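Undergrad: Here is my input; please provide its structure:
(2 chains)
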Amino acid sequence: MDFLQPTSWQDALALRGERPDALPLAGGTDVMVDINFDRRRPGALLDLGRVPELREWGQDDGRIRLGAGVPYAGIIGNLGAQLPGLAMASRTVGSPQIRIRGTVGGNLGSASPAGDAHPPLLAAGAVVEVASAARGTREIPVAEFYTGVKRNALEPDELIAAVLIPAASGPQQFSKVGTRNAMVIAVSAFACALHPDRREIGTGIGSAAPTPRRAPEAETFLAGELDDAGLWDSRNALPEPLAAAFGERVAAAASPIDDVRGSAAYRLHSLSVMARRAITWAWNDLREAA
Amino acid sequence: MSAEAGTRTTRITATPGGVGDTPLRPDGTLKVTGEFAYASDLWHDEMVWGATLRSPHPHARIAGIDITEALTLPGVFAVLTAADVPGENAFGLEHADQPVLASEFVRYEGEPVAIVAADHPETARRAAQRIRVDYEVLPAVTDPRRAMDADAPAVHRPGNLVRHLTLRRGNPDPKAPVVVSLDFEVGMQDQAFLGPESGLAVPGDDGGVDLYVATQWLHVDQRQICLALGLPPEKVRLTLAGVGGAFGGREDLSVHVHACLLALRTGKPVKMSYGREESFFGHVHRHPATMTYEFGAERDGTLVYAKANLLFDGGAYASSTAAVVGNGGTLGLGPYRFPSVAVDAYGVFTNNPPCGAMRGFGCVQAAFAHEALMDELADAVGVDRVEIRQRNGMREGDVNITGQVIDSAAPVAELLQIVRDLPMPPPLDPSDIRALPGAVGNTTHGEGVVRGVGYAIAYKNVGFSEGFDDYSTARVRLELTGGEPVATVHTAAAEVGQGLITVEQQICRTELGVERVVVHPKTTGVGSGGSTSASRQTYVTGGAVKAACESVRAVVLERAAALLGRSAGELRLDGEKLLGASGEVLLGLGDVLGTEAVEETVEWRHRPTHAIDPETGQGNAHVQFAFSAHRAVVDVDVELGLVKVVALDSAQDVGKAINPDAVVGQIHGGSAQGMGLALMEEMVVTDGHVRNPSFTDYLIPTILDMPPMQVQVLEYADPHAPYGVRGVGEPPTISSGPAVAAAVRAATGKALHRVPIRPEHITGT
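TA: Alright, predicted model coming up:
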């Protein structure tokens, strides 16, 4: 197994193009586990840890351009105001040591349905910026990025450059159930984002389907109900039955399995509870902000 | 800890760093700073690495093994199978029923089949994968309730019963106006020690081998290794390597024989270290148990009778299943007075992972059942849950269910009162999500959260029981080094992190009055120290060290008497001086020792225990009983089934705290381990396959799961034990889990007759 360690983005893309058998390595929190357990033996490891461009973040036309190599600790420390949902999810990732190593780019590369970053990216309507030496850059809406269990839309010569995430225009929430109170992989997870500017709701579901996914029917249902009741304008309290109906629709969007971490039935139940509570908290935040 | 409450201990002269003090542990700073040398850090020039090929099947016949492809891999020095075991291909703590390397059959997933030595651990691992084993898969019995069925596949001949203990006492057909009963199930817990199995075998010039290994009992290892290697004990020498936790999981052999076989075959030092995943297959686990309990009582809650049926899944080999059944059967009704009792306890073979010793040893499983049922009885008769325990709780002088008199303190009522009276934690504070169920998972801001309080009391035998010849050996040497008296203590008793080294030093300081005490590395160069288990080392090895010190002191006094022309009876040793009858200083210890060291070796036994009657289960089976109580306070998000343990407070009688800091440390750790079983720790085994052999999915409590504890320690001396000590390590593991489970039941109003309690058990989804 070769170890490739480019020191610039240009070199990284060139190496990626030359070595389709190379496995990109960001924080290593997934990849090194697989290698240590001998689940993967790629021809090469492409270590992106020395590529400075990947560790940068900045504003880009109302969006945060988050370099694929920014660790969770950096998001928690620097981007809590612009990306509150992602920052909340980042706080639940592993241990402090893992949060210093792990990156959103790595989460997207692994494309595990249990990745903590996915639900808030889905809820916020993020776009994944990928690039290849041969064809340059393209943008993929995050909902289209996940193509199957631990599969994503990357071509063999592409790397993830960044994630473009609209800065929060309203409150966001993230909830994650695990069987202990820290350092746990999600049994189920849910993120929501209120977009009061365009009167829309964003959602993201984790660990409850083959891929992370949105709950589109729940989004349009709630946005419509809020419209019909004039709540976007009145900012009156979110009726409990409406929140509960939203929660049920979120659960209906999932298709979980039974596994060693939890039952499918519990995943559906917990999603409905988390979605009901999280949307209520988000709505209350919106009311308080008004 | 409380200094004032419940002291009935002999006053011991305060020697700095002696008994009752809390000197710093020699390994403490090293462990905290990451510098401690664990067994996995062992190194030898020219050493090679061993790896193990394990069975992927719970039950199969081995039709053939082809090692050619492994042997031809460059860097490989040896590939060994059952045919290469020179002695008996068998080991086991109680019965030698487990092959060193599987020959005809494999009986559980993960059973060792072949071993490899190579120049690099990765080479060894790859070579192991190139071994071709032709398995004929056989039907497996994986449900312990089916193990004794006539048509169940036999794991061993003649059948799948390891032990059936029957215990009968009092009225054979008791009646009571109030009857409560339940079924309870306990999942398979793992010891989850942080330092995986590791050892280094170095071939000797004499055809023997020196093994450095992390273990709990050097001499029982030595006996089994000798049997397998066909070597006498003088050619199999063991030294304890740095142990990263044990909890019973190192009582059975792991790398021991394999590393020695490879070292003797290759003529090179061989190191074997398991990774985390292999570790889950490399040691025994706590027995899963299914239990049926029935209590009869008067209308005021006074217990009349108990009937209990306990079934322990022993997995594929006997290990210590028979003794676990012994404990579950003789102690499994808890520290209560029952006039009439009928208990049947079974241990069975299955094709599940072998189960054996783990902290609490048969009492942990039973305590979940008897404590849940005591709560149900309290509710049935309308008596407070603490009060019903106090009313029925054992007292000194009572007779337990095997007819044995409890002949030292049994402060059941007092321990319960202490935990009940401890300050309660503050009410729920939703402003800090880390304090809420789900914590940073941000699943509640207070919605759905209900607080519950639960109590439990438990007791446990200390030391080995049922007639086992339980002893320890200590060698103590007193000499002048650089003009200063120095004591050296040598025992083979394993330090596994509990602090025995410090205890040995403390006892030497107190008994000999010398400040400097060197602890010799733990080796088989001295007689057996017995097992570091059953909460026994401070009692038994402590007793041996004390006795050896007394012998040394007697020799010193005789020497001094000869020098002074007085009788030894007039003299005493105090500090490093010899005093006369009226306290006058007559000699310095150095003057007595001169250039001739005093060295004494003592083999020390606690009072004998006895086998129980095979039909009635009656007899003086145990030497000592230790009692502990917990109060748990939990916040449960009843909608999501998530639990935050808010408080887990404890009271325990320890007889005499030789090292109070270490005592409290044991109570903290034991409580966390018991809580882990109540809420999250389970090896999930489906059809004989372990589904979560990793710390990703075998969850142990983190700092956000374990609350700070209030611990109250009683010191009611046991007059039969050295210094009055009572074993400390296991009782907190037994009472903490049932208290947590009770608190969750109180919060949720659900029966929850299975642990670990998973979120879906609470939500019903």
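Undergrad: what's the closest residue to A:Pro216 other than its chain neighbours in contact with, if anything?
TA: Setting aside the residues directly before and after it, A:Pro216 is nearest to A:Ala253 in space (CB to CB, 6 or more residues apart in numbering or on different chains), at 7.3 Å. No exception for glycine: its C-beta is placed from N, CA and C like everyone else's. Residues counted as contacts of A:Ala253 (CB atoms under 8 Å, 6 or more residues apart in numbering or on different chains) are A:Thr203, A:Ile205, A:Ala209, A:Arg213, A:Arg214, A:Ala215, A:Pro216, A:Glu217, A:Ala218.
Undergrad: Save these as JSON lines, and put in neighbour count, secondary structure and distance to B:Glu639 too.
TA: Formatted as JSON lines, the contacts of A:Ala253 follow (neighbours: other CB atoms under 10 Å in any protein chain shown; DSSP: H, G, I helix; E, B strand; the rest coil; distance: CB to CB, whole Å):
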{"residue": "A:Thr203", "neighbour count": "26", "secondary structure": "strand", "distance to B:Glu639": "20"}
{"residue": "A:Ile205", "neighbour count": "31", "secondary structure": "strand", "distance to B:Glu639": "18"}
{"residue": "A:Ala209", "neighbour count": "18", "secondary structure": "coil", "distance to B:Glu639": "22"}
{"residue": "A:Arg213", "neighbour count": "21", "secondary structure": "strand", "distance to B:Glu639": "23"}
{"residue": "A:Arg214", "neighbour count": "21", "secondary structure": "coil", "distance to B:Glu639": "24"}
{"residue": "A:Ala215", "neighbour count": "29", "secondary structure": "coil", "distance to B:Glu639": "19"}
{"residue": "A:Pro216", "neighbour count": "13", "secondary structure": "helix", "distance to B:Glu639": "25"}
{"residue": "A:Glu217", "neighbour count": "13", "secondary structure": "helix", "distance to B:Glu639": "23"}
{"residue": "A:Ala218", "neighbour count": "24", "secondary structure": "helix", "distance to B:Glu639": "19"}
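Undergrad: Would you reformat those as a markdown table and include distance to B:Pro121 and pLDDT?
TA: Below are the contacts of A:Ala253 laid out as a markdown table (distance: CB to CB, whole Å; pLDDT from 0 to 100):
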| residue | distance to B:Pro121 | pLDDT |
| --- | --- | --- |
| A:Thr203 | 47 | 98 |
| A:Ile205 | 41 | 98 |
| A:Ala209 | 39 | 97 |
| A:Arg213 | 41 | 98 |
| A:Arg214 | 45 | 98 |
| A:Ala215 | 47 | 98 |
| A:Pro216 | 50 | 98 |
| A:Glu217 | 52 | 98 |
| A:Ala218 | 51 | 98 |
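Undergrad: Model confidence for the residue nearest to A:Pro216, exactly?
TA: As summarised for this prediction, A:Ala253 has a pLDDT of 98.
Undergrad: List the residues that contact the residue located most distally from the centre of chain B.
TA: The outermost residue of chain B, judged against the average C-alpha position, is B:Gly565 (50.9 Å), by CA atoms, centre = their mean. The contact partners of B:Gly565, taken as CB under 8 Å, 6+ apart, number zero.
Undergrad: Could you do A:Thr103 as well?
TA: Listed by CB under 8 Å, 6+ apart, the contact partners of A:Thr103 are A:Ala26, A:Gly27, A:Ala68, A:Gly69, A:Val70, A:Pro71, A:Tyr72.
Undergrad: where's the last one relative to B:Glu495, distance?
TA: Read that as A:Tyr72. From A:Tyr72 over to B:Glu495 the distance is 39 Å, taken as CB to CB, to the nearest Å.
Undergrad: Compare neighbour counts for these two and give me the winner.
TA: More neighbours sit around A:Tyr72 than around the other of A:Tyr72 and B:Glu495, counting by other CB atoms under 10 Å in any protein chain shown; the figures are 29 against 23.
Undergrad: Pretty sure A:Val130 sits in a strand.
TA: Yes. According to DSSP: H, G, I helix; E, B strand; the rest coil, A:Val130 belongs to a strand.
Undergrad: That one contacts A:Pro156, correct?
TA: No. Counting by CB atoms under 8 Å, A:Pro156 is not a contact partner of A:Val130; they are 11.8 Å apart.
Undergrad: one step back: go through the contacts of A:Thr103 and name the one nearest chain B.
TA: Nearest to chain B among those: A:Tyr72, at 12.1 Å, using CB to the nearest CB.
Undergrad: Distance check, that closest one against A:Ala278.
TA: The value you get for A:Tyr72 to A:Ala278, if CB to CB is used, is 20 Å.
Undergrad: B:Val186 now?
TA: Spatial separation of B:Val186 from A:Ala278 under the definition CB to CB is 35 Å.
Undergrad: ok so, going back, where does the residue nearest to A:Pro216 fall, phi/psi-wise?
TA: For A:Ala253, the backbone dihedrals are phi -80, psi -10 (criterion: degrees, to the nearest 10).
Undergrad: and what of the one 3 residues further on?
TA: For A:Pro256, the backbone dihedrals are phi -80, psi 170 (criterion: degrees, to the nearest 10).
Undergrad: tell me which residues in stretch A:129-142 are buried?
TA: For stretch A:129-142, the buried set under the neighbour-count rule, 16 or more other CB atoms under 10 Å in any protein chain shown, comprises A:Glu129, A:Val130, A:Ala131, A:Ser132, A:Ala133, A:Ile140, A:Val142.
Undergrad: do the same with stretch B:371-386
TA: Of the residues in stretch B:371-386, those buried by neighbour count under the rule 16+ other CB under 10 Å are B:371-378, B:380-381, B:383, B:385-386.
Undergrad: Can you tell me what sits against it?
TA: Where contact means CB under 8 Å, 6+ apart, the residues beyond stretch B:371-386 that reach it are B:178, B:180-182, B:184, B:293, B:295, B:297, B:299-301, B:303, B:334, B:336, B:387-389, B:391-392, B:416-417, B:420, B:454-458, B:735, B:738-739, B:741-742, B:745, B:753.
Undergrad: Just the ones of those residues in strands?
TA: Within those, membership in strands is found for B:178, B:180-182, B:184, B:293, B:295, B:297, B:303, B:454-458, as judged by DSSP state E.
Undergrad: Low-confidence ranges, the stretch 1-150 of chain B, go.
TA: Of all residues in the stretch 1-150 of chain B, those with pLDDT under 70 make up the ranges B:1-14.
Undergrad: all strands of it, in order?
TA: Counting by DSSP state E, counting those that start in this stretch, residue ranges of the strands within the stretch 1-150 of chain B are B:48-54, B:60-66, B:76-80, B:105-106, B:112-118, B:132-137.
Undergrad: Just send these back as CSV, with distance to chain A and mean neighbour count too.
TA: Output for the strands of the stretch 1-150 of chain B, formatted as CSV (distance: least, CB to the nearest CB, whole Å; neighbours: other CB atoms under 10 Å in any protein chain shown):
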stretch, distance to chain A, mean neighbour count
strand B:48-54, 12, 24
strand B:60-66, 21, 15
strand B:76-80, 18, 23
strand B:105-106, 21, 23
strand B:112-118, 15, 26
strand B:132-137, 18, 14
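Undergrad: Which among those strands is found nearest to B:His761?
TA: Comparing these by their distance to B:His761 (CB to CB), the top pick is strand B:48-54, with 32.5 Å.
Undergrad: and that closest one, what other elements does it pack with?
TA: Using 3 or more CB pairs under 8 Å, 6 or more residues apart in numbering or on different chains; DSSP states H and E as the contact criterion, the neighbours of strand B:48-54 among helices and strands are strand B:112-118, helix B:121-129, helix B:256-266, strand B:270-273, helix B:276-282.
Undergrad: by how many degrees do that strand and strand B:76-80 diverge?
TA: For strand B:48-54 against strand B:76-80, the angle by axes from the mean of the first three to the mean of the last three CA atoms, to 10 degrees is 40 degrees.
Undergrad: okay, strand B:48-54 in PDB with CA atoms only?
TA: As requested, C-alpha coordinates have been extracted for strand B:48-54 and formatted as PDB (Å, rounded to 0.1, in the frame of the first residue of the first chain):
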ATOM      1  CA  VAL B  48       9.000 -12.600  16.900                       C
ATOM      2  CA  TRP B  49       5.200 -12.200  16.900                       C
ATOM      3  CA  GLY B  50       2.500 -14.700  17.400                       C
ATOM      4  CA  ALA B  51      -1.000 -14.700  15.800                       C
ATOM      5  CA  THR B  52      -4.000 -16.900  16.300                       C
ATOM      6  CA  LEU B  53      -6.400 -18.400  13.700                       C
ATOM      7  CA  ARG B  54      -9.900 -18.700  15.200                       C
END
